[in-house]
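Q: Quick one, fold the following:
(one chain, ligands or ions: 2)
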Amino acid sequence: PHVARLIAAGEVVSRPLDVVRELVENALDAGASRLEVEVEGGGLGLIRVRDNGSGIAAESVALAPVRHATSKLEPHPGAVERVTTLGFRGEALWAAAQAGELHLVTRPAAQVGAAEVVAAGEDVRVRRTSAPAGTTVAVRNLFARLPARLRTQAAPTLEVRDITALVGRYVLHHPELHWRLTVDGETRLVHAPADHRGAVASVYGPLSANRVLRVEAEGVQGVVSRPELTRARRDRMHFSVNGRPVLAPSELEKAVIEGFAELLPSGVAPLCVLDLSVAPEDHNPNVHPAKQVVALADLPGVAARVRKAVAQALAAHPL
Ligand code: ADP
Ligand code: MG
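A: Residues are numbered from 1 along each chain as shown. Ligands and ions are numbered 1, 2, ... in the order given. Below is the predicted model:
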């Protein structure tokens with residue numbers, strides 16, 4: 001059972017990037033306006049996410065690293081279909097505690113004292129402490145108990161590159177928040193509240209930000225870059241669906257490109273950040289454990305809206 005548990009945890013958290021994503025999503029679910037992500041040793045040494053969100057009340061803090069314990073789902077059928085939070089499985093902190101050493105300090109703003117949870121494998125300790133309002137979660141020595149997992153990890157520089165891109169995606173979709181990413185003690189990314197254009201400036205630099213146009217249509221909000229200055233980099237096409245950053249189906253990337261019509265040379269992709277809103281029943285976030293693959297019941301309809309929104313933005317800002 002011990003080995004089975006470790007293997008199961010390794011499915012939820014298979015690389016440092018997964019831990020970063022889960023901790024950031026927890027901070028967003030907690031309504032934080034300020035998120036700080038720290039990574040050391042490619043994430044295998046340390047991953048720490050500090051937020052100023054709701055915190056966890058003293059009476060439920062011991063449950064945080066318990067498998068399937070979540071505060072985000074009502075215990076009745078159909079709740080999963082209506083979930084509006086990024087998390088709902090209650091597995092991330094549990095998996096992090098199995099795969100590494102979890103250290104959590106949390107305090108709801110209205111509570112006087114803070115709680116500290118230290119969990120490694122099955123060992124969970126809780127004690128009282130003092131701390132600012134919000135939550136700090138640190139995961140150390142990831143995969144130290146899973147040598148097979150440790151051996152298959154990418155080089156730290158590659159993992160850091162992907163983590164930086166991941167945090168950048170969250171910044172692009174949540175430009176209204178304060179963000180900071182620190183790698184081995186050096187600031188990689190800072191962002192103060194701004195609009196989508198400001199987020200493009202923080203993530204890709206001011207030159208890219210100067211090239212973007214606002215896209216503002218029913219259910220499609222964001223920015224798209226001017227075509228004459230675009231590059232063939234589809235890794236700069238970003239979509240979220242109902243607040244959840246997703247790996248967009250290629251139909252959506254294609255829709256953006258088609259929105260440019262003849263304005264876009266072939267083989268070139270624009271930078272875009274588009275936040276899509278769809279009816280809850282048109283969207284199933286429950287298809288993949290990492291929840292990044294999006295299942296849209298009416299993908300052609302959504303793609304058509306995106307195509308039209310991009311075309312309108314280009315028409316409104318003649319080049
Ligand atoms: P899930 O997010 O699917 O509920 P997690 O294992 O990620 O599961 O977290 C377990 C629970 O711990 C959450 O449901 C939430 O109540 C609490 N929690 C975790 N991180 C935070 C945070 N940063 N701020 C407030 N509560 C948190
Ligand atoms: Mg979670």
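Q: What's the first helix or strand after the helix or strand hosting Leu17?
A: Following DSSP states H and E, one finds Leu17 within helix 16-29. Once the chain leaves helix 16-29, the next helix or strand it forms, by DSSP H and E, is strand 34-40.
Q: And the contacts of that following strand?
A: Among residues not part of strand 34-40, those counted as contacts by CB atoms under 8 Å, 6 or more residues apart in numbering are 16, 20, 23-24, 27-28, 46-52, 134, 160, 163, 167, 170, 177-185. Placement of C-beta: from N, CA and C, glycine included.
Q: for stretch 150-162, same thing?
A: Contacts for stretch 150-162 (CB under 8 Å, 6+ apart): Arg15, Pro16, Leu17, Val39, Gly41, Gly42, Gly43, Leu44, Phe143, Ala144, Val183.
Q: again, but for stretch 245-261
A: Contacts of stretch 245-261 (CB under 8 Å, 6+ apart): 169-170, 173, 224, 227, 234, 237-240, 264, 269-270, 272, 274, 292-294, 296, 299-300, 302-304, 306-311, 313-314.
Q: Let's verify the one residue in the stretch 51-200 of the chain that gets nearest to ligand 2: helix, strand, or coil?
A: The nearest approach of the stretch 51-200 of the chain to ligand 2 comes at Gly87, 2.7 Å away (CB to the ion). Three-state call for Gly87 (DSSP: H, G, I helix; E, B strand; the rest coil): coil.
Q: If you tally nearby residues, what's the number for it?
A: When counting by other CB atoms under 10 Å, one arrives at 20 neighbours for Gly87.
Q: my guess is it meets Ala27, correct?
A: No. Gly87 is beyond contact range of Ala27, at 10.4 Å (criterion: CB atoms under 8 Å).
Q: how far is the helix or strand hosting Ala309 from where the chain is centred?
A: Per DSSP H and E, Ala309 falls inside helix 299-316. Centroid separation between helix 299-316 and its chain, computed with CA atoms, centre = their mean, to the nearest Å, is 25 Å.
Q: Pull out the buried positions in it.
A: Judged by neighbour count (16 or more other CB atoms under 10 Å), helix 299-316 contains these buried residues: Leu299, Val302, Ala303, Arg305, Val306, Arg307, Lys308, Ala309, Val310, Ala311, Ala313, Leu314.
Q: Spit out the contact partners of the nearest residue to Gly10 once chain neighbours are set aside.
A: Sequence neighbours aside, Arg149 is the residue nearest to Gly10 in space, at 5.3 Å (criterion: CB to CB, 6 or more residues apart in numbering). Residues near Arg149 by CB under 8 Å, 6+ apart: Gly10, Ser14, Ala99, Phe143.
Q: For the last one, give me phi and psi.
A: The one in question is Phe143. Per-residue torsions, Phe143: phi 70, psi 10 (degrees, to the nearest 10).
Q: Report the buried members of the contacts of strand 34-40.
A: 16, 20, 23-24, 27-28, 46-52, 134, 160, 163, 167, 170, 177-183.
Q: List the ones among those that fall in strands.
A: 46-51, 134, 178-183 (DSSP state E).
Q: Return the residues of the protein in contact with ligand 1.
A: 22, 26-27, 30, 51, 53-56, 64, 70-72, 87-94, 135 (CB under 6 Å from any ligand atom).
Q: could you redo the last one with a cut-off of 8 Å?
A: Counting by CB under 8 Å from any ligand atom, the chain comes close to ligand 1 at 22-23, 25-27, 29-30, 32, 49, 51, 53-56, 60, 63-65, 69-73, 85-96, 104, 106, 134-135, 137.
Q: Give me the buried entries from the residues you listed.
A: Buried among the residues of the chain next to ligand 1 by 16+ other CB under 10 Å: 22-23, 25-27, 29-30, 32, 49, 51, 53-56, 63-65, 70-71, 73, 85-96, 104, 106, 134-135, 137.
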